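Enquirer: Give me a model of this one.
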Amino acid sequence: MNVLRRLTYAAFLALAFCLSATAKDKRPPNVVIIFLDDSGYSDFHPFGKPTYPTPHVEKLANNGMRLNRFCVPQAVCSASRAALLSGCYPERTKVFGAHGPGGRGLDPKYATMAEMLKKAGYATAHFGKWHCGDQADTRPLARGFDEHAGLMYSNDMWRFHPSNKDPEDPKHWGKVPLQYWENGKVKIARVNKEDQTMLTSWASDYSVDFIKRHKDKPFFLYLAHSMPHVPLFVSDKFAGKSGSGLYGDVIMEIDWSVGQIMGELEKHGLTQDTLVLFSSDNGPWVSYGNHAGSTPFREAKGTSFDGGLRSATILHYPRMIPADSQLDELIGSIDILPTIAGIVGCELPNNPVDGKDVWAVIATKNGAKNPHAYYPLTNGSNFEGVYSGDGRWKLHVTHQYRSLMNAGKDGKPGSYEMKSIELALFEMKTDPMESVNVLREYPQVASKLKAIADEHYQRFWKKRSR
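Expert: Residues are numbered from 1 along each chain as shown. Alright, predicted model coming up:
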């Protein structure tokens, strides 16, 4: 950022803070989180250059801030979502991987963002995919949400999964029917393929209606789409529209959904005072080939490389964030809860919270540094490394990882091979692809991060240090 632009940015923020103080006396900002499932970093303009248009996401980015290094602590559904909503590491909450039907999910002793904001007087709603617990005390209405509609877990956990040769076979996902819930009750007892085509539209419609009904008080909307997680389905209005196959159609419908949400906010004059976060739970599930997104980074979903952990992310909050801005500093999804608490002015949950308020970093205040010493990285119940808090370095401890061998096609998965990485250090700002191990070139950095990794491993796993 050149000197003139920095001064202009600083002046904008100074004015924004003054205006915000006045606005906050009247009403705190609304919060909208749009969280996708398995979206690739390059699936939307302007992060990538797909052949299909995504005008609403592009507009959101042009009018907000691109967080170019926004990372989740684990690149798997339940772990990622629980971390976002609680601000806690997966190793603290013990939410690893992807929980199936009846899964415990996030223990109620860890408060959610909805519970935090509800105490501050917010109306709260979740629409779409939950995947943070499918028991009476871990479903959305028990976790701070006033309203909910959608699936309790992934849309592939059903009788038509590719591994089920016979959909009526009670084994595997045929054992429990995929259900669609609405406000604590099962609305569709056995989701079928026609229902799946409507998941994006239904979640969008519920969200628009929620905004309309709560326009006069602060609200928190968590719109967590089931797509583009496989199996891919799209409504008739977007079928074949992208000209690049089913995946492109699905992404275009999600883009349309973003337009619906932003249009409703604008309709009621709420755009300036609504913080909108657009992101994904992890990188693409590349095993599914033409039914998966793409990422420019190493590996993908289910690994601790940036192809799995880094998601294309936009922060849109016109009153506080200037248009067409970008942030190249590392921000973790666990930081969203405490950062929102700071913006709103509400208290953090009583339980331990691992995330930090990083608003000063986002606002690019002079001298602002990420308050984290490090961010831990996990995959399943395995600890696999750390980022340095400033984001410059990434240390992988010795671990195995899956790497795509053959991509699948048209809804059928391909195959992986298992590989190993030894202790490795990567300079992420010059080598975001994690291609050159600089362990020997920077022994002091490696030693420091290894000590941090060992201490973290001992603290959360209580096993002998690696």
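Enquirer: Contact partners for S287?
Expert: 404, 407-408, 413-416 (C-beta atoms under 8 Å, 6 or more residues apart in numbering). C-betas here are computed from N, CA, C, even on glycine.
Enquirer: From the residues you listed, list just the buried residues.
Expert: Buried residues within those, counting neighbours by 16 or more other C-beta atoms under 10 Å: 404, 407-408, 413, 416.
Enquirer: Can you convert these into JSON lines and add a column each for distance to I452 and secondary structure?
Expert: Formatted as JSON lines, these follow (distance: C-beta to C-beta, whole Å; DSSP: H, G, I helix; E, B strand; the rest coil):
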{"residue": "L404", "distance to I452": "31", "secondary structure": "strand"}
{"residue": "A407", "distance to I452": "36", "secondary structure": "coil"}
{"residue": "G408", "distance to I452": "38", "secondary structure": "coil"}
{"residue": "P413", "distance to I452": "36", "secondary structure": "coil"}
{"residue": "Y416", "distance to I452": "30", "secondary structure": "strand"}
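Enquirer: Quick one: those residues as JSON lines, columns for pLDDT and distance to K356 too.
Expert: Below are the buried ones among the contacts of S287 laid out as JSON lines (pLDDT from 0 to 100; distance: C-beta to C-beta, whole Å):
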{"residue": "L404", "pLDDT": "98", "distance to K356": "34"}
{"residue": "A407", "pLDDT": "98", "distance to K356": "38"}
{"residue": "G408", "pLDDT": "97", "distance to K356": "39"}
{"residue": "P413", "pLDDT": "97", "distance to K356": "37"}
{"residue": "Y416", "pLDDT": "98", "distance to K356": "35"}
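Enquirer: Return the closest of these with respect to N351.
Expert: Compare each of the buried ones among the contacts of S287 with N351 using C-beta to C-beta and the shortest gap goes to Y416, at 36.1 Å.
Enquirer: Could you pull up the contacting residues of M157?
Expert: 100-101, 173, 176, 178.
Enquirer: repeat that with 6 Å
Expert: M157 makes contact with 100, 173 under the criterion C-beta atoms under 6 Å, 6 or more residues apart in numbering.
Enquirer: And for the one 4 residues further on?
Expert: H161 makes contacts with W173, as judged by C-beta under 6 Å, 6+ apart.
Enquirer: go with 10 Å
Expert: Residues near H161 by C-beta atoms under 10 Å, 6 or more residues apart in numbering: 154, 167, 172-174, 178, 230-231, 413.
Enquirer: Name the residues of stretch 424-432 that come out as buried.
Expert: 424-428, 432.
Enquirer: again with stretch 34-52
Expert: 34-45, 47-48, 50, 52.
Enquirer: For stretch 392-408, list the C-alpha coordinates in CSV.
Expert: Provided in CSV are the C-alpha atoms of stretch 392-408 (Å, rounded to 0.1, in the frame of the first residue of the first chain):
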residue,chain,number,x,y,z
ARG,A,392,5.2,-15.7,7.6
TRP,A,393,6.1,-19.3,8.5
LYS,A,394,4.5,-22.7,8.5
LEU,A,395,5.9,-25.7,10.2
HIS,A,396,4.7,-29.2,9.4
VAL,A,397,5.6,-31.9,11.9
THR,A,398,6.2,-35.3,10.4
HIS,A,399,2.8,-36.7,9.3
GLN,A,400,1.1,-38.6,6.5
TYR,A,401,-1.4,-37.0,4.2
ARG,A,402,-3.6,-38.0,1.3
SER,A,403,-2.9,-36.8,-2.2
LEU,A,404,-5.1,-37.2,-5.2
MET,A,405,-4.1,-40.0,-7.5
ASN,A,406,-7.0,-40.3,-9.9
ALA,A,407,-9.9,-37.8,-10.0
GLY,A,408,-13.5,-39.2,-10.2
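Enquirer: give me the low-pLDDT residue ranges for the stretch 201-350 of the chain?
Expert: For the stretch 201-350 of the chain, no stretch is flagged by pLDDT under 70.
Enquirer: on that earlier part again, can I get the contacts of S287 in JSON lines with distance to A368?
Expert: Below are the contacts of S287 laid out as JSON lines (distance: C-beta to C-beta, whole Å):
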{"residue": "L404", "distance to A368": "38"}
{"residue": "A407", "distance to A368": "42"}
{"residue": "G408", "distance to A368": "44"}
{"residue": "P413", "distance to A368": "43"}
{"residue": "G414", "distance to A368": "44"}
{"residue": "S415", "distance to A368": "45"}
{"residue": "Y416", "distance to A368": "40"}
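Enquirer: now, which of those residues sits nearest G342?
Expert: L404 (39.8 Å).
Enquirer: hey, where'd the helices end up in this structure?
Expert: 3-26, 55-62, 77-86, 90-93, 113-119, 193-196, 199-213, 246-267, 306-309, 336-344, 359-362, 443-461 (DSSP state H).
Enquirer: beta partners of the nearest residue to R402 once chain neighbours are set aside?
Expert: Closest residue to R402 apart from its sequence neighbours, by C-beta to C-beta, 6 or more residues apart in numbering: Y416 at 4.1 Å. The bridge-partner assignment for Y416, based on DSSP bridges, gives L404.
Enquirer: just checking, Y416 touches Y401?
Expert: Yes: assessed by C-beta atoms under 10 Å, Y416 is found in contact with Y401 at 9.2 Å.
Enquirer: Find residues that contact each of these two.
Expert: 302-303.
Enquirer: List buried residues within the contacts of H161.
Expert: Using 16+ other C-beta under 10 Å as the burial test, the contacts of H161 include 154, 173-174, 178, 230-231, 413 as buried.
Enquirer: Redo the residues you listed as CSV? Include distance to P371.
Expert: Below are the buried ones among the contacts of H161 laid out as CSV (distance: C-beta to C-beta, whole Å):
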residue, distance to P371
S154, 34
W173, 42
G174, 48
L178, 41
V230, 38
P231, 41
P413, 40
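Enquirer: hmm, back to that, please produce JSON lines containing the helices of the chain, extended by mean neighbour count and distance to V286.
Expert: Formatted as JSON lines, the helices of the chain follow (neighbours: other C-beta atoms under 10 Å; distance: least, C-beta to C-beta, whole Å):
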{"stretch": "helix 3-26", "mean neighbour count": "12", "distance to V286": "37"}
{"stretch": "helix 55-62", "mean neighbour count": "19", "distance to V286": "21"}
{"stretch": "helix 77-86", "mean neighbour count": "28", "distance to V286": "15"}
{"stretch": "helix 90-93", "mean neighbour count": "24", "distance to V286": "22"}
{"stretch": "helix 113-119", "mean neighbour count": "21", "distance to V286": "30"}
{"stretch": "helix 193-196", "mean neighbour count": "14", "distance to V286": "22"}
{"stretch": "helix 199-213", "mean neighbour count": "20", "distance to V286": "22"}
{"stretch": "helix 246-267", "mean neighbour count": "22", "distance to V286": "12"}
{"stretch": "helix 306-309", "mean neighbour count": "28", "distance to V286": "8"}
{"stretch": "helix 336-344", "mean neighbour count": "22", "distance to V286": "26"}
{"stretch": "helix 359-362", "mean neighbour count": "19", "distance to V286": "30"}
{"stretch": "helix 443-461", "mean neighbour count": "15", "distance to V286": "27"}
